[in-house]
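Trainee: build the 3D model from these lines:
(one chain, ligands or ions: 1)
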Amino acid sequence: MSTSWSERLAGGFRRTSDKLGENLSGLFGKAALDADTLDQIEEALIASDLGPATAAKIRERLEGERFALGLSELRLREIVAEEVEKILAPVAKPLEIEAFPRPQVILVIGVNGSGKTTTIAKLAHLLKEQDYEVMLVAGDTFRAAAIGQLKTWAERIGVPIISGAEGADAAGLVFEGVKQGTARGTDVLIVDTAGRLQNKAGLMDELAKIRRVLGRLNPAAPHDVVLVLDATTGQNALSQIDIFGKEAGVTGLVMTKLDGTARGGVLAAAAERFGMPIHAIGVGESIDDLRPFDPRELARAIAGVEAIAVERRK
Ligand SMILES: Nc1nc2c(ncn2[C@@H]2O[C@H](COP(=O)(O)OP(=O)(O)OP(=O)(O)O)[C@@H](O)[C@H]2O)c(=O)[nH]1
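Mentor: Predicted coordinates for the structure are as follows:
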């Protein structure tokens, strides 16, 4: 990956890494890393959304290393990056298109405003660029605006879409999607679903119905259930994994809006607490802004290693 992308990523995570710096300020360069200072560092890491287990591991590392000349900011950030990378590496898992018979059915779930529609568009675009035949299903039929938005994206990207009127039966649209997809040789069917959190039971019923219909056509479908999370909501994103993870049978995550938020550390907390695969991250509003989940790059961006190094070169 090009340097410019690394720099862009560092820029996107600037607020996250700045917050880490703020939380840690005053703790660098101390001659002795006594228990008090270590406590403060650990607290600062937790306040930066990194998650308690990651913070404890970093503390352990610091205890184990000798800092005769005091701990420099860069060194501390490097250690943070190394430990965050260890937490992120096991959950990095790209979405793989491998289902036979086709189409592979990807259900996309997430609360309103999480970036679900945009993520579907970005994913469809990415897969199309890889020469997959993609079709969308506008299964969020509770809001006419959601249907219209997805149709606009489909047109822009140049992929077919199955949609109905507001209030149409989502499971029926999914059925139609699989039928048409099978006939046309579609590789991937991406299904938007309703995102109303205030009515969890209704949402679960809807998903269960979609599953039943899919199961009749292909027992392996849905092949993926992707939960889209808005990183800017921090701890709230974590509780959504908690709520939806098991009940909705989530198989992987996409974290959006990681550009310009100070809550980027939440990626590490999610990985640490749930160990659920993370497929990709959203780093902007345009169609190209879905990036694969690269643990090393992300860990360095979260810790602000690149940002500090660039500053030093100035
Ligand atoms: N900065 C930034 N904005 C994003 C990203 N992903 C989505 N957005 C924006 O977030 C807003 C909500 O995104 P949608 O895709 O409409 O979200 P949704 O979850 O489908 O929400 P509803 O349309 O309300 O159901 C839009 O303004 C998007 O442009 C991202 O990665 N970064």
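Trainee: can you list the domains in the protein?
Mentor: 3-91+302-313, 104-293 (automatic domain parsing).
Trainee: looking at the last one now, give me its mean pLDDT.
Mentor: If I follow you right, that is domain 104-293. The average of the pLDDT scores along domain 104-293 is 92.
Trainee: same check on the shortest one?
Mentor: The predicted model gives domain 3-91+302-313 an average pLDDT of 82.
Trainee: what are the ranges of the helices in the stretch 51-200 of the chain?
Mentor: Using DSSP state H, counting those that start in this stretch, the helices assigned to the stretch 51-200 of the chain run over residues 52-64, 73-88, 116-129, 144-157, 170-184, 200-217.
Trainee: among these, which is the most enclosed?
Mentor: helix 116-129 (a mean of 23; mean count of other Cβ atoms under 10 Å). (Each C-beta comes from the backbone N, C-alpha and C, glycine too.)
Trainee: got the angle for that helix vs helix 144-157?
Mentor: Taking axes from the mean of the first three to the mean of the last three Cα atoms, to 10 degrees, one finds that helix 116-129 is oriented at 20 degrees with respect to helix 144-157.
Trainee: show me what helix 116-129 is packed against.
Mentor: If you count contacts as 3 or more Cβ pairs under 8 Å, 6 or more residues apart in numbering; DSSP states H and E, helix 116-129 packs onto strand 104-109, strand 134-137, helix 144-157, strand 188-192, strand 224-230, strand 252-256, strand 278-282, strand 290-292.
Trainee: adjacent strands (with direction) for the fifth one?
Mentor: So the one you mean is strand 224-230. strand 104-109 (parallel), strand 252-256 (parallel) (DSSP bridges).
Trainee: can you redo those as TSV with mean neighbour count and distance to residue 23?
Mentor: Formatted as TSV, the strands paired with strand 224-230 follow (neighbours: other Cβ atoms under 10 Å; distance: least, Cβ to Cβ, whole Å):
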stretch	mean neighbour count	distance to residue 23
strand 104-109	26	33
strand 252-256	25	21
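Trainee: and these as a markdown table, adding distance to the ligand?
Mentor: As requested, the strands paired with strand 224-230 are exported to a markdown table (distance: least, Cβ to the nearest ligand atom, whole Å):
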| stretch | distance to the ligand |
| --- | --- |
| strand 104-109 | 9 |
| strand 252-256 | 4 |
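Trainee: how many neighbours does the residue in the chain positioned nearest to the ligand have?
Mentor: Residue of the chain nearest the ligand, by Cβ to the nearest ligand atom: residue 282 (2.7 Å). Look at residue 282: counted by other Cβ atoms under 10 Å, it has 24 neighbours.
Trainee: returning to what we had before: any chance of the domains of the chain in JSON lines, plus distance to residue 97?
Mentor: Formatted as JSON lines, those follow (distance: least, Cβ to Cβ, whole Å):
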{"stretch": "domain 3-91+302-313", "distance to residue 97": "20"}
{"stretch": "domain 104-293", "distance to residue 97": "5"}
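Trainee: up against the ligand, what does the stretch 101-250 of the chain have?
Mentor: 110, 112, 113, 114, 115, 116, 117, 118, 146, 149, 195 (Cβ under 6 Å from any ligand atom).
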